[in-house]
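A.B. asks: have a look at this fold, sequence not included:
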């Protein structure tokens, strides 16, 4: 399932499920600025662009970024842009977002620490005084050990995790026997 040295040039199951969940819960995205990690061809970002004020789709591979930009262009998305983001170098706060989304980015245990650090960095902001920034990460659990590594890294990085009821991930396009998990992440509140 790899093309041109990347897995990002196709749409994966968790993306379809998160697209459906986002449209069913569109109030969450209303008047928000959204950042997508690992955007792939841009389907999720394109869907969410119709629900939010602004969206930035990010990935690392040049072919993937071109495909995502093409998706935005052919769908006349005017409130979205595409940007390169290397998770291994993502250490800067971003004061210009409210929500982080990602689908099917938990597939390789070697990238999990950088992924979780990136999520934490994007949720951190001196302007977010009430801790309202959230991340929604939807994963197809193909390898339980890899997903466990992800959950352990979330805990180690000081994030809180809320699992969203999997029965709410109704999508007619889901196939196979893989489990789809959707979690909401936030920074742990400071201890007073």
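C.D. replies: On my side now, so go ahead. All values derive from a computational prediction rather than experimental measurement.
A.B. asks: list the contacts for residue 158?
C.D. replies: By CB atoms under 8 Å, 6 or more residues apart in numbering, residue 158 lies in contact with 120, 187-188. Bear in mind the C-beta positions are built from the backbone N, C-alpha and C, glycine included.
A.B. asks: and the residues you listed, which are buried?
C.D. replies: For those, a burial check counting by 16 or more other CB atoms under 10 Å picks out 120, 187.
A.B. asks: show me the contacts of residue 158 that map onto strands.
C.D. replies: Per DSSP state E, strands hold the following members of these: residue 187.
A.B. asks: who's residue 103 bridged to?
C.D. replies: Per DSSP bridges, residues listed as beta-bridge partners of residue 103: residue 138.
A.B. asks: how about it, what does it touch?
C.D. replies: 12, 14-15, 17-18, 38, 40, 44, 137-139.
A.B. asks: pLDDT score for it?
C.D. replies: pLDDT recorded at residue 103 is 95.
A.B. asks: residue 16 now?
C.D. replies: 89.
A.B. asks: neighbours of residue 132, how many?
C.D. replies: Using other CB atoms under 10 Å, residue 132 has 11 other residues around it.
A.B. asks: next one: phi and psi at it?
C.D. replies: Backbone torsions for residue 132, taken as degrees, to the nearest 10, come to phi -90, psi -10.
A.B. asks: could you check the pLDDT of the residue nearest to it when sequence neighbours are not counted?
C.D. replies: Leaving aside its sequence neighbours, residue 132 sits nearest to residue 98 (CB to CB, 6 or more residues apart in numbering; 7.2 Å). pLDDT recorded at residue 98 is 94.
A.B. asks: please begin residue numbering at 30 from this point
C.D. replies: Will do, 30 is the new start, and the previous item becomes residue 127.
A.B. asks: need phi/psi at residue 127.
C.D. replies: According to degrees, to the nearest 10, residue 127 has phi -120, psi -40.
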